[in-house]
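S.K.: here is my input; please provide its structure:
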Amino acid sequence: MPLNIKPITVHDTLAWTRIRALAYYGPLHDLIHRGPVTENSMHRVAQDRQLEIGKPNAWQWKVVDTDLPPSDDDPKDNGGRTIAIAIWSAHNFPEKTKEQGESDEIASGRGEQAQPFVPPEVRLDVLTAVFEPLRAAQEEIMGKDVSYLKLDSLATHPDHQGRGAGKMLLESGLKKADGEGLRCYLCATAKGLKLYEKAGFEMVKDVTFDMGAWGGEGQDWWACMTREVGGKRS
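M.R.: Sure, this is the predicted structure:
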C-alpha cells in the first residue's frame, strides 16, 4: 500500500480538521468541549484553516494512501485517501512589513474585523488554561532570538496508525530543518514520545494539566522536546 507525501491545499482542510480531531480525541478533548462537535463547526474550522495555506513560515503536509479511494472529506482528485497530516511553523524569523501584512489580508479575504471561528462547543476558559503553560514553556526553552522550527501538529487517522505515516511526515520536516540548519521544538504526549526520541528529540521539561480542577478526572501530560541540527544530542 504505497504512501505518498503531498502538500496540503485549501481543498484538504476538512480532512485535516477531521483527522486531527479523531487522532487527538480523549478525556481532555471532552473536557474542552461541551458535548460533540457539530458538522457545522467542523466545516467552519476547516474553512478558517484555508487561510493558513500559503502563509510565510508555515508548512502543511499530508500522507495519502494511493491504494484507497478518497474519503468524503478529500478532494476528488486526491489520488487516494489522506490518512495523516503534519503542520510545521518557523519561529523568531524576521517579521513582515506592515504593507506586506495588509496585502496578505486583502488577498486572503480576511479584513481587520474578521476573527477566527471559535466553535460554540469550546470552553475557552479550559482551552486557555491548557495552552498558556505550554506557550510559556516554549518561550522559556526556545527564547525569542534564535530561529527554529516547531512541529505544531502530527496526527494520523486512528484506522491507519502504526503504518509509518507519522514517521514519514516527521522525517520530511526534519530534513527541511537540517537543510536550513535549524533546531526543532515540539510538545509530545506519552503516546508519541518514543517516535520523537528515535528521531533525536530530547525532553527538556514536562507540563501537566490537572483536569480535576476543571470538572474532569486525572491529569494530562506533555513532554517539551528539542532536537539539535542533525539530531545531535546537546
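S.K.: next, residue 61: secondary structure please.
M.R.: Secondary structure assignment for residue 61 (DSSP: H, G, I helix; E, B strand; the rest coil): strand.
S.K.: my bad, residue 172
M.R.: Classified using three-state DSSP, residue 172 is helix.
S.K.: tell me, what's the model's pLDDT at the residue lying closest to it once chain neighbours are set aside?
M.R.: The shortest distance from residue 172 to any non-neighbouring residue, by CB to CB, 6 or more residues apart in numbering, is to residue 5 (5.6 Å). Where you see a C-beta, it was placed from the backbone N, CA and C, and this is true even at glycine. Here, the pLDDT recorded for residue 5 equals 97.
S.K.: residue 234 too?
M.R.: Residue 234 is assigned a predicted lDDT (pLDDT) of 50.
S.K.: what about the helices in this structure?
M.R.: In the chain, the segments counted as helices under DSSP state H are 13-23, 27-32, 39-49, 98-108, 124-142, 165-179, 193-198.
S.K.: tell me the centre residue of the protein?
M.R.: residue 153 (2.1 Å; CA atoms, centre = their mean).
S.K.: in this protein, what helix or strand scores lowest on average pLDDT?
M.R.: Least confident helix or strand of the chain, by mean pLDDT, DSSP states H and E, is helix 98-108 with a mean of 42.
S.K.: pLDDT weak spots in this protein?
M.R.: Scanning the chain for pLDDT under 70 picks out the ranges 1, 95-114, 233-234.
S.K.: isn't residue 23 up against residue 159?
M.R.: No. At 10.3 Å, residue 23 does not count as touching residue 159 under the criterion of CB atoms under 8 Å.
S.K.: which one's more surrounded, these two?
M.R.: For residue 23 versus residue 159, neighbours defined as other CB atoms under 10 Å are more numerous around residue 23 (20 against 9).
S.K.: what about that one, distance to residue 192?
M.R.: Between residue 23 and residue 192 the distance is 10 Å, computed by CB to CB, to the nearest Å.
S.K.: and for residue 178?
M.R.: Using CB to CB, we find residue 178 at a distance of 20 Å from residue 192.
S.K.: now residue 61, nearest residue through space, not along the chain?
M.R.: Leaving out its chain neighbours, the residue that sits closest to residue 61 by CB to CB, 6+ apart is residue 86, at 5.0 Å.
S.K.: also residue 116?
M.R.: Here the residue nearest residue 116, using CB to CB, 6+ apart, is residue 48, at 5.3 Å.
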